[in-house]
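Undergrad: sharing a sequence plus its predicted fold:
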Amino acid sequence: MKYRYRKTVGSGGWTGSSWSGNVAAQSEQLVMQILRKRHPGYEVELIEIRWK
């Protein structure tokens with residue numbers, strides 16, 4: 001999946017990143033929970049997700 005994150009809303013540029021891993025179910029909500037745990041205090045935006 002591809003996503004981006006930044007420190008706070010309106011704080012400037014985004015940092016792009018990607019991640020691949022396993023989740024318990026094919027749920028965008030679960031993926032967002034994982035990404036928010038990886039980047040606490042940051043705004044996270046999902047760009048692309050592909051399920052296998």
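TA: Looks like it came in fine.
Undergrad: mind pulling up the pLDDT for the residue positioned nearest the centre of the chain?
TA: Central residue of the chain (C-alpha atoms, centre = their mean): Leu35, 4.2 Å from the mean position. The model reports Leu35 with a pLDDT of 94.
Undergrad: doesn't it lie inside a helix?
TA: Yes - judged by DSSP: H, G, I helix; E, B strand; the rest coil, Leu35 forms part of a helix.
Undergrad: do I have it right that it meets Glu43?
TA: No - with contact defined as C-beta atoms under 8 Å, Leu35 does not count as touching Glu43 (10.5 Å). All C-beta atoms are positioned from the backbone trio N, CA, C, and that covers glycine.
Undergrad: hang on, the earlier thing: contacting residues for the residue nearest to the centre of the chain?
TA: Neighbouring residues of Leu35 by C-beta atoms under 8 Å, 6 or more residues apart in numbering: Tyr3, Tyr5, Trp19, Val44, Leu46.
Undergrad: turn these into JSON lines, columns for distance to Gln29.
TA: What follows is the contacts of Leu35, written out as JSON lines (distance: C-beta to C-beta, whole Å):
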{"residue": "Tyr3", "distance to Gln29": "14"}
{"residue": "Tyr5", "distance to Gln29": "17"}
{"residue": "Trp19", "distance to Gln29": "16"}
{"residue": "Val44", "distance to Gln29": "12"}
{"residue": "Leu46", "distance to Gln29": "10"}
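Undergrad: circling back to that earlier point, which residues do Leu35 and Glu43 both contact?
TA: Shared contacts of Leu35 and Glu43, defined by C-beta under 8 Å, 6+ apart, comprise Tyr5.
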